[in-house]
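Trainee: Next one to model:
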Amino acid sequence: MGAEGFTIDHVIYGAVDIDATAERLLTDFGLGSVPGGRHLGGTTNRIIPLEPPTFLELLGVGDTSLADGAWLAQTLGGRDRALWWALGVDDIGDAARRRGLEVQHGTMEMSNGTTVRFRTAGMPRYPLPFFVAPEIDAADRLDAWLERYAAAGHAAAPGAYTFVEVAEPAEYLGAWLGDHGLPVRHASIPGHGITRFGIQTDHGEIVID
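Mentor: You can find the predicted model right below:
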């Protein structure tokens, strides 16, 4: 696979108590947040805007009678942790075809009553990173994220992700992503999935696991 214009769109951080987690990340790291919304599968979220339009998604258990809410509760096992990561890509249709994936359409009801629509590919391959494409004009999306950044009340102004650390061997992840050019580190422990990540702030780099 050639370079496909990958960017780290967002990292997903699983939260047992999403409001308590948001308060902890503000106290410990100076990261403010804004209300998110509710996914149809039974999870909720809260958003930490980083360098627009990048963000950190706090994913919480909403309704365990629904599949995604039940999955998240079981996966977290009572402990907040780095859970997953999502990549922006130049052409999500092409990224899906290269990997034999289907493009799926998703929606999320936001706390302000609006609906966010997006396309994804590769989510059934968890914990490998999946691909995402918002269904919104790029300029409008950037404006929205600038507003969220200003509203978040950061105590330490965050920038971009400095790295993601994954448990997958380099050759395994490389077979999935190809020539990705992303700031990936490989953990010394065997396994799969994201283990921790770094964010640049005006107070220096912070690392969250």
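
Trainee: Paired strands for the lowest-mean-pLDDT helix or strand in the chain, with orientation please.
Mentor: The weakest-scoring helix or strand in the chain, judged by mean pLDDT, DSSP states H and E, is strand 103-110 (a mean of 83). According to DSSP bridges, strand 103-110 forms sheet pairs with strand 34-39 (antiparallel), strand 115-121 (antiparallel).

Trainee: Packed most tightly, which of those would that be?
Mentor: strand 34-39 (a mean of 19; mean count of other CB atoms under 10 Å). Heads up, the C-betas are built off the backbone N, CA and C, glycines and all.

Trainee: can you put the strands paired with strand 103-110 in CSV and add distance to residue 183 and mean pLDDT?
Mentor: CSV is the format used below for those (distance: least, CB to CB, whole Å; pLDDT from 0 to 100):
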stretch, distance to residue 183, mean pLDDT
strand 34-39, 25, 87
strand 115-121, 22, 90
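
Trainee: mind giving me CSV with the ones you listed and columns for distance to residue 68?
Mentor: As requested, the strands paired with strand 103-110 are exported to CSV (distance: least, CB to CB, whole Å):
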stretch, distance to residue 68
strand 34-39, 6
strand 115-121, 13
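
Trainee: who touches residue 7 in this structure?
Mentor: Contact partners of residue 7, counting by CB atoms under 8 Å, 6 or more residues apart in numbering, are 54, 87-89.

Trainee: Could you report the neighbour count for residue 144?
Mentor: By the criterion of other CB atoms under 10 Å, residue 144 has 17 neighbours.

Trainee: Oh, that last question was meant for residue 67, not what I typed.
Mentor: The burial count for residue 67: 13, using other CB under 10 Å.

Trainee: still on that earlier bit, may I see the buried residues of the least confident helix or strand of the chain?
Mentor: By neighbour count on 16 or more other CB atoms under 10 Å, the buried set for strand 103-110 is residue 108.

Trainee: For that strand, output the C-alpha coordinates as CSV.
Mentor: Only the C-alpha atoms of strand 103-110 are listed here, as CSV (Å, rounded to 0.1, in the frame of the first residue of the first chain):
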residue,chain,number,x,y,z
VAL,A,103,-17.8,1.6,4.3
GLN,A,104,-20.4,2.1,7.0
HIS,A,105,-22.5,5.1,7.8
GLY,A,106,-22.9,6.4,11.4
THR,A,107,-24.7,9.1,13.3
MET,A,108,-24.4,10.5,16.8
GLU,A,109,-27.0,12.8,18.5
MET,A,110,-25.1,15.7,20.1
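
Trainee: remind me, longest helix of this structure?
Mentor: Looking across the chain with DSSP state H, the single longest helix is helix 138-151.

Trainee: For that helix, the averaged confidence score.
Mentor: Averaging pLDDT along helix 138-151 gives 93.
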